[in-house]
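>>> Got a predicted model here, sequence first, then my questions.
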Amino acid sequence: MQAVSLATTWSRSIGIDVPIVNAPMGGAAGGRLASAVSTAGGLGMVGMGSSATAEQLTAELAQLDARRFGIGLVHWVAQDRPDLFDVALAARPALLSVSFGQGWDWVRRAHDAGLTVTTQVATVDAARRAVDAGVDVLVARGAEGGGHGEPTMGTLPLLAEVLDAVDVPVLAAGGISSPRAVAAVLAAGAGAAWVGTAFAACAEALTPVPARDALLAAEGEATELTTEYDVAAGYRWPETIPERVLRGSPVNAGQGVGLVCTPAGAAEIVRSLSEGAEQLLGRWHR
């Protein structure tokens, strides 16, 4: 079988061995997870969610033992808590992600600090606006994804349209929990796979044990979109950005959850996704 390298132009440029990024999931993607993913050859991201504070980010960054990592913030949370953004800048991540907002002042500030920046987009128009604002890398986030997102298009149609519309690297997010899904988005031209649910269920995640068990037991059709939990918590998420959760619970999960069945560590997940995708792409190229 022909050997196929998963490396992409973007993964080489940022200095990672495999084009796999853990989604910066608030409440799941802490310093331990980011370190484990980066050590395994991907890009580990520390995620700060709806209730994030500068102190929480500082504490998670203290858990890092990898030199290359990323940080993900929610735009309106960073606006409400400027010190949170200041801590993120000072940490000098390899990639800074700020998503779910309309303003772009953060891009200039991050560039002034020498950082590479990305944002999640759900439409081609949003992709073009982000590139016009100077964003270096886009994450095309499909409606299949777990947690918060604008559920407008499926991952593959969105990825294809965004790749044709812009000239910057595009990562793919939404429902990517298996080697087949990784192979599919890389074959389509994504710079990397942005993986959430599979890592949320792994040993190094901050996910509570009952939620982790629920993820491992769930079928792919067991998710729903809701704003119920945001409203109850008083979070300022707009109605146009619901979260995808396991039905009847606040456990974030994407539609790839049915393929997340076995307890595993982050390194095992990176290895399984990358080696499986390599084998599939090699078979398809043969």
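Cool, the structure landed.

>>> where do the helices sit along the stretch 1-150 of the chain?
9-14, 31-39, 54-61, 75-80, 82-90, 105-112, 124-132 (DSSP state H, counting those that start in this stretch).

>>> quick one: contacts of the lowest-mean-pLDDT helix or strand in the chain?
In the chain, no helix or strand scores lower on mean pLDDT, DSSP states H and E than helix 266-285, which sits at a mean of 94. Helix 266-285 is contacted from outside by 1-6, 18, 20, 22, 33, 36-37, 39-42, 44, 178-180, 182-183, 186-187, 193, 195, 198-199, 202-204, 264, using C-beta atoms under 8 Å, 6 or more residues apart in numbering. (Each C-beta comes from the backbone N, C-alpha and C, glycine too.)

>>> Can you tell me which of the helices of the stretch 1-150 of the chain is packed in deepest?
Among these, the stretch with the highest mean neighbour count (mean count of other C-beta atoms under 10 Å) is helix 31-39, at a mean of 24.

>>> before we move on, back to that, may I see the helices of the stretch 1-150 of the chain arranged in CSV, with distance to A222 and mean pLDDT as well?
Below are the helices of the stretch 1-150 of the chain laid out as CSV (distance: least, C-beta to C-beta, whole Å; pLDDT from 0 to 100):
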stretch, distance to A222, mean pLDDT
helix 9-14, 32, 97
helix 31-39, 23, 97
helix 54-61, 29, 98
helix 75-80, 28, 96
helix 82-90, 33, 98
helix 105-112, 36, 98
helix 124-132, 29, 98
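
>>> Take those and write them to TSV, including distance to G282.
As requested, the helices of the stretch 1-150 of the chain are exported to TSV (distance: least, C-beta to C-beta, whole Å):
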stretch	distance to G282
helix 9-14	18
helix 31-39	24
helix 54-61	37
helix 75-80	40
helix 82-90	39
helix 105-112	38
helix 124-132	31
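
>>> Since that was my last question, I'll sign off now.
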